[in-house]
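A.B. asks: Give the three-dimensional model of this entry:
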Amino acid sequence: MKKVLILLLLCCTPCFARSRAAKHTFMVETGYPKGRQGYVVTYRVAPACGGADAPYNMQWQTIADSKAQNKRERNRCKNRGR
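C.D. replies: Okay, the predicted model is just below:
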């Protein structure tokens, strides 16, 4: 059972590990250490596109805008592979 869970986690996680410390630093620096209702922290430039996993590369984005951005980025990545 443990082996199956580990394999599932390895297959379903992104190829980079987001720094919790960097995200927390960004949240504290912007005055919302516990988060903002209706917003999520996203990258200005995605790490897959060469962006840094650092507070200066993060932004608050509405949930709807974040979903739209994720969809656009997935399509770009899908098209690059062809």
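A.B. asks: need the contact list for residue 66.
C.D. replies: Remark: with contacts taken as C-beta atoms under 8 Å, 6 or more residues apart in numbering, residue 66 is in contact with 40, 42. Yep, even glycine has a C-beta here, placed from its N, CA and C like the rest.
A.B. asks: Now whichever strand or helix holds it - C-alpha only, PDB.
C.D. replies: When secondary structure is defined by DSSP states H and E, residue 66 falls within helix 63-80. Provided in PDB are the C-alpha atoms of helix 63-80 (Å, rounded to 0.1, in the frame of the first residue of the first chain):
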ATOM      1  CA  ILE A  63      -8.800  32.400  -8.300                       C
ATOM      2  CA  ALA A  64     -10.600  32.800 -11.600                       C
ATOM      3  CA  ASP A  65      -7.600  34.600 -13.200                       C
ATOM      4  CA  SER A  66      -5.300  31.900 -11.800                       C
ATOM      5  CA  LYS A  67      -7.400  29.100 -13.400                       C
ATOM      6  CA  ALA A  68      -7.400  30.900 -16.700                       C
ATOM      7  CA  GLN A  69      -3.600  31.400 -16.600                       C
ATOM      8  CA  ASN A  70      -3.000  27.800 -15.700                       C
ATOM      9  CA  LYS A  71      -5.100  26.700 -18.600                       C
ATOM     10  CA  ARG A  72      -3.100  28.900 -21.000                       C
ATOM     11  CA  GLU A  73       0.200  27.700 -19.600                       C
ATOM     12  CA  ARG A  74      -0.800  24.000 -19.900                       C
ATOM     13  CA  ASN A  75      -1.800  24.600 -23.600                       C
ATOM     14  CA  ARG A  76       1.500  26.300 -24.300                       C
ATOM     15  CA  CYS A  77       3.400  23.300 -22.800                       C
ATOM     16  CA  LYS A  78       1.300  20.800 -24.700                       C
ATOM     17  CA  ASN A  79       1.900  22.600 -28.000                       C
ATOM     18  CA  ARG A  80       5.700  22.800 -27.300                       C
END
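A.B. asks: For residue 41, grab the count of nearby residues.
C.D. replies: Residue 41: 20 surrounding residues under other C-beta atoms under 10 Å.
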